[in-house]
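**Student:** Predicted coordinates and the sequence they were generated for:
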Amino acid sequence: MPKTSNLNVMVLAKLQYLQDLYSKQFHLSISVFRQDGNEFSISSNQSLECAQSSFKYPGVCQNHLKRLLQQGETRLSTVIATCPFGMTTAIIPLGTALETDTMLAADFYLLIGKIRIRGVDDPISVSSGREDETKQYDLVEFKKIIQLISFNMDFLFGLVKQSKIPLGHTQPIEKEILETLTHREKEILHLVSVGMSNQEISKNLFISEQTVKVHVSNILKKLQMKNRTQLALYEIQTS
């Protein structure tokens, strides 16, 4: 069982909260991933279109992400690109030292977007989850938004790095504990890790929301955890 310090968990929870807040405010998909390409945070406002495309053509999305990183080999900057499916995403290095001269030197990267931009492709509404509330961005607006989000996220990651807080550093996961989960509990653990609410999980698995709550409660007890944030981070670290 991984023993993560209270400070580590608190910092991760605060970073996740800020990410979720910006995602909700600007109706954009936001996530943070490590240098090795693995997810670090729970994806906020995951794009359904992106999720479907990446599931159907996983190699295409992975190769596109690698190309985005390669574009930053010679500079420390934001890279904005449109994937083969027409979705625009910005990738920004986080918490880098001032002397760093390439994007690849960063430990973490921020992904913002996964939307269709006016003037790049056919316009599409970016839904906030309510049928009567939508938002659209052109490239200029999008750049202003990512500048705001990335500045604040980078500032926080920089402070964390300067304070030498070991983000996400845990002891190896004990497989025996993971094996105590039932097949359904493992399904729900994964769906929690991609940012789904209890209501969304119930619709996805065709079970009641109350049943989902019971499963989540049982998972927390088995893994000796207190909340969904720890649960999701546990799944990310075991994937």
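**Tutor:** That came in fine, so what should we check first? Residues are numbered from 1 along each chain as shown.
**Student:** Is Tyr109 in a helix, a strand, or coil?
**Tutor:** Here Tyr109 is recorded as strand under DSSP: H, G, I helix; E, B strand; the rest coil.
**Student:** what's the answer for Gln46, then?
**Tutor:** Going by three-state DSSP: Gln46 is coil.
**Student:** cool, and Ser31?
**Tutor:** Under three-state DSSP, Ser31 comes out as strand.
**Student:** Could you double-check that it lies in contact with Leu111?
**Tutor:** Yes - in this structure, Ser31 is within contact of Leu111 by CB atoms under 8 Å, at 5.0 Å. Placement of C-beta: from N, CA and C, glycine included.
**Student:** pLDDT below threshold where in this protein?
**Tutor:** The chain contains residues with pLDDT under 70 at 1-10, 36-37, 47, 69-76, 96-105, 118-135, 165-174, 194-195, 229, 232-239.
**Student:** Excluding its own residues, what touches the longest helix along the chain? List them.
**Tutor:** Criterion DSSP state H: the longest helix present in the chain is helix 139-162. Outside helix 139-162, the residues that touch it by CB atoms under 8 Å, 6 or more residues apart in numbering are 11, 14-15, 18-19, 22, 26, 28, 30, 32, 78, 80, 88, 90, 92-97, 107-108, 110, 112-113, 115, 117-120, 137, 167.
**Student:** now with 7 Å?
**Tutor:** Under the criterion CB atoms under 7 Å, 6 or more residues apart in numbering, residues 11, 15, 18, 22, 26, 78, 90, 92, 94-95, 108, 110, 112, 117, 119-120, 167 lie in contact with helix 139-162.
**Student:** Next: stretch 33-48.
**Tutor:** 15-16, 19-20, 23-24, 27-32, 65, 87, 106-109, 111, 114-115, 168, 193-195, 232, 236.
**Student:** one step back: now the buried members of the contacts of helix 139-162.
**Tutor:** When those are checked for burial by 16 or more other CB atoms under 10 Å, the buried set is 11, 15, 18, 22, 26, 78, 90, 92, 94-95, 108, 110, 112, 117, 120, 167.
**Student:** Near Phe55, how many other residues are there?
**Tutor:** 9 (other CB atoms under 10 Å).
**Student:** so which helix or strand takes in it?
**Tutor:** Per DSSP states H and E: Phe55 is located in helix 48-56.
**Student:** buried residues in the very next helix or strand once past that helix?
**Tutor:** Note on helix 48-56: by DSSP H and E, the next helix or strand toward the C-terminus is helix 58-71. Neighbour-count burial for helix 58-71 flags 61, 64-65, 68-69 (criterion: 16+ other CB under 10 Å).
**Student:** what do you get for stretch 212-222?
**Tutor:** 212, 215-216, 218-220.
**Student:** One more: stretch 138-155?
**Tutor:** 142, 145-146, 149-150, 153-154.
**Student:** I'd like the residues you listed as CSV, with distance to Thr182 appended.
**Tutor:** Below are those laid out as CSV (distance: CB to CB, whole Å):
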residue, distance to Thr182
Phe142, 43
Ile145, 42
Ile146, 41
Ile149, 38
Ser150, 40
Met153, 37
Asp154, 41
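**Student:** Farthest-apart pair in the buried ones among the contacts of helix 139-162, please.
**Tutor:** Taking CB to CB as the measure, the buried ones among the contacts of helix 139-162 span a maximum distance of 35.5 Å, between Val11 and Val120.
**Student:** Strands along this structure, start to end?
**Tutor:** 29-34, 79-82, 88-94, 108-115, 126-130, 133-135 (DSSP state E).
**Student:** tell me the most buried of the ones you listed?
**Tutor:** strand 108-115 (a mean of 25; mean count of other CB atoms under 10 Å).
**Student:** Determine the set of other helices and strands touching it.
**Tutor:** strand 29-34, strand 88-94, helix 139-162 (3 or more CB pairs under 7 Å, 6 or more residues apart in numbering; DSSP states H and E).
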